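In: Return atomic coordinates for the entry below.
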Amino acid sequence: AYPRLDAPQVERLRAAGAIPIGRTNCPNFTVRWHTESELWGATVNPWDRSRTPGASSGGEAAALATGMSPLGLGSDGLGSLRWPAQCCGIGALKPTLGRIPHATTIEPVDAPIGFQLTVVEGPMARRVADLRAAFEVMAGPTWRDPWTVPAPLRGPEPAKPVRVALVVDPAGQGTAKQVQEGVRKAARALDEAGYAVEEVEPPSIDVAAKALLEMLTTPEMRAGWQMMSPLMPADTKRFMSAFFEVAGDSDPVTTMQSFVVRQSLLRAWGEFQEMHPLIVAPIFTDVPFEAGTDLDDGRVAETIRGMRMALAVNALGLPAVALPVGIGDGLPQSVQVIGPRYREDLCLDAAAALEDRAGIITPIDPRKEDEHDD
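Out: Presented below is the predicted three-dimensional model:
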């Protein structure tokens, strides 16, 4: 069946003159951290075809990285905008919950509360200016998404210099050298741009990531996935089984507590960001894994651990811009710039300062992958 009207973000972009040119590849059911579908097969990482392009918006990220289009759209509930951006060396904006409408006409239209509080729509592009332009067009309230709010696109000017918390190894659980070097490149660039950078991390990153897993694996959500299981291909079933196993047993008390924890963490991070409005951190704490290995034994748990900072941001509904800051070992080095609620403007300003100093590494010709500079 064809939808009877556009999603709000598509409707607004078309009204502004954008021309949709196609849909790009996603994993089945948009589930997995590697893009491979029964319809279209696997998406190739244009930097290294042996590596994953990320997911779920891996097709969009690869298309942007190779110059197929200037702007794309995706959603982010488990890092699905920022992880492909890291893998393919492009930019993406995960907005604050309630900033860009999330709505559909395809049944069922009502999502469980865990999804409502975590999944957001956002733009993907090669240039920060394009992310900003798309964001300004798409943002704003609509009756179709009751979470949306009429927050201003630019908030009050912060005290200068803007203080940045640098997180090299979130929660001290290990970060690859290639990724750490990228985070430190970002720190040096922001320091040159006049930001005050300090190596300190917000509270309870691992607790926030765990809360997200619990919010997305409530008993009713597990029951819904079980009901849909006969329709799922084997790879989706395998991922969901491993995901539920990592999340642990779910019961009504655990479910309720996860939302209480979220509220407590929102206050704690809000207080932290009074002193450090911006946080610069890894997206995934390792380089892109080999394509197709995301379902190997233990890999879902490993990926969840590596994605802990991205998951914490999803749990709290905070805005973050992902962008590349260099190349290391032939692969993009990317960071996420995380801001306070409804301060996408601060994230984009810092991302623009990084881009001015680090440059833009895409589009690339995937046929010349051996020529990427380290």
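In: Output the lowest mean pLDDT helix or strand found in the protein.
Out: helix 219-228 (a mean of 86; mean pLDDT, DSSP states H and E).
In: Would you mind listing the buried residues in that one?
Out: For helix 219-228, a neighbour-count test (16 or more other Cβ atoms under 10 Å) marks 221, 225 as buried. Backbone N, C-alpha and C define where each C-beta goes, glycine included.
In: From the contact counts, what lies against it?
Out: In terms of contacts (3 or more Cβ pairs under 8 Å, 6 or more residues apart in numbering; DSSP states H and E), helix 219-228 is packed against helix 234-247.
In: What are the contacting residues of whichever helix or strand comes after the helix it packs on?
Out: Counting by DSSP states H and E, the next helix or strand C-terminal to helix 234-247 is helix 252-275. Here helix 252-275 makes contact (Cβ atoms under 8 Å, 6 or more residues apart in numbering) with 113, 117, 163, 165, 202-204, 207-208, 211, 214-215, 218-219, 248, 279, 315-318, 339-341.
In: and whichever helix or strand comes after helix 252-275, how far from the chain's centre?
Out: Next in sequence after helix 252-275, counting helices and strands by DSSP H and E, comes strand 278-281. Per Cα atoms, centre = their mean, to the nearest Å, the displacement of strand 278-281 from the mean C-alpha position of its chain is 14 Å.
In: State the mean pLDDT of the helix or strand hosting residue 133.
Out: According to DSSP H and E, residue 133 maps onto helix 128-138. Mean pLDDT, computed over helix 128-138, is 98.
In: So what's the residue count around the closest residue in space to residue 10 that isn't next to it in sequence?
Out: Of all residues not flanking residue 10 in the chain, residue 20 sits nearest, at 6.7 Å (Cβ to Cβ, 6 or more residues apart in numbering). Residue 20 has 11 neighbours, counted by other Cβ atoms under 10 Å.
In: With residue 149 instead?
Out: 15.
In: contacting residues for it?
Out: Contacts of residue 149 (Cβ under 8 Å, 6+ apart): 98-99, 141, 342.
In: mind running it again at 10 Å?
Out: Contact analysis of residue 149 by Cβ atoms under 10 Å, 6 or more residues apart in numbering lists 96-99, 139-141, 341-342.
In: Next: residue 15.
Out: Counting by Cβ under 10 Å, 6+ apart, residue 15 makes contact with 6, 137.
In: thinking again about what came up before, chain center to the least confident helix or strand of the chain, what's the gap?
Out: For helix 219-228, the distance to the chain centre is 24 Å (Cα atoms, centre = their mean).
In: and what of stretch 15-26?
Out: Using Cα atoms, centre = their mean, the offset of stretch 15-26 from its chain centre is 20 Å.
In: cool, and stretch 264-284?
Out: Going by Cα atoms, centre = their mean, where stretch 264-284 is centred and where its chain is centred differ by 16 Å.
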